[in-house]
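Peer 1: can't give you the sequence, but here's the structure:
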C-alpha cells in the first residue's frame, strides 16, 4: 500500500502557502511506494516541464488571479498522470490522492490532467476564477 511522508510533504505544502516565500509550486512524487516532496519552484513553466508522459505526480500550485480591483491568491491541486503511465498505476493514483489530501487541504479547485494542453496556465486560471469569488471583469468579458 502507498504511504505518505506527512511531515516532509506538509513542509513543502506550507512553503507554497507562505506569502513570505518565493515558492509558487511543489510536487509530490513517488519514491517507491511512498509519496514524498519532489521539486519546488517559482515559475509555472518549470512545473509544467515536470509533467512528463512517463510520470504521475501531484502538484500544489499558487496562482494570483483577479483584476485591477482585487487580486487574490488561489491554490490548485493538480494530479498529473502521464500518457505512458500503466493502467494499474493510473488506477492507484486516484486512491493515493486521498493521502495527499490529508496534507494539502486548502485549494480552490482540483484538476486531474493527463493532457499537456490542460496544463495551460490560462486554462487553469480561468477554471480557478470560475471556482470562486466576485469577478469584476464580468462587464468586459
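Peer 2: That came in fine, so what should we check first? Only a predicted model underlies this, so the values are computations on that prediction, with no experimental measurement involved.
Peer 1: My reading is that residue 125 lies in a helix. Confirm?
Peer 2: Yes. Residue 125: assigned to a helix according to DSSP: H, G, I helix; E, B strand; the rest coil.
Peer 1: list the contacts for it?
Peer 2: Residues near residue 125 by CB atoms under 8 Å, 6 or more residues apart in numbering: 63, 65. For every residue, glycine as well, the C-beta is placed using N, CA and C.
Peer 1: Could you list the low-confidence segments of this protein?
Peer 2: For the chain, residues meeting the criterion pLDDT under 70 lie at 132-141.
Peer 1: at 80 instead, please
Peer 2: 65-68, 131-141 (pLDDT under 80).
Peer 1: show me where it has helices.
Peer 2: 6-17, 44-50, 87-103, 121-130 (DSSP state H).
Peer 1: Format these as CSV; extra columns: distance to residue 65.
Peer 2: CSV is the format used below for the helices of the chain (distance: least, CB to CB, whole Å):
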stretch, distance to residue 65
helix 6-17, 15
helix 44-50, 13
helix 87-103, 22
helix 121-130, 5
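Peer 1: For residue 109, find the nearest of these.
Peer 2: With CB to CB as the criterion, residue 109 lies closest to helix 121-130 of the helices of the chain, at 5.5 Å.
Peer 1: for that closest one, which positions count as buried?
Peer 2: 124, 125, 127, 128, 129 (16 or more other CB atoms under 10 Å).
Peer 1: Would you reformat these as JSON lines and include distance to residue 95?
Peer 2: What follows is the buried residues of helix 121-130, written out as JSON lines (distance: CB to CB, whole Å):
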{"residue": "124", "distance to residue 95": "24"}
{"residue": "125", "distance to residue 95": "29"}
{"residue": "127", "distance to residue 95": "24"}
{"residue": "128", "distance to residue 95": "25"}
{"residue": "129", "distance to residue 95": "30"}
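Peer 1: So which of those is the closest to residue 107?
Peer 2: residue 128 (9.3 Å).
Peer 1: show me what contacts the closest one?
Peer 2: Here residue 128 is in contact with 63, 65, 74, 76, 108, 109 (CB under 8 Å, 6+ apart).
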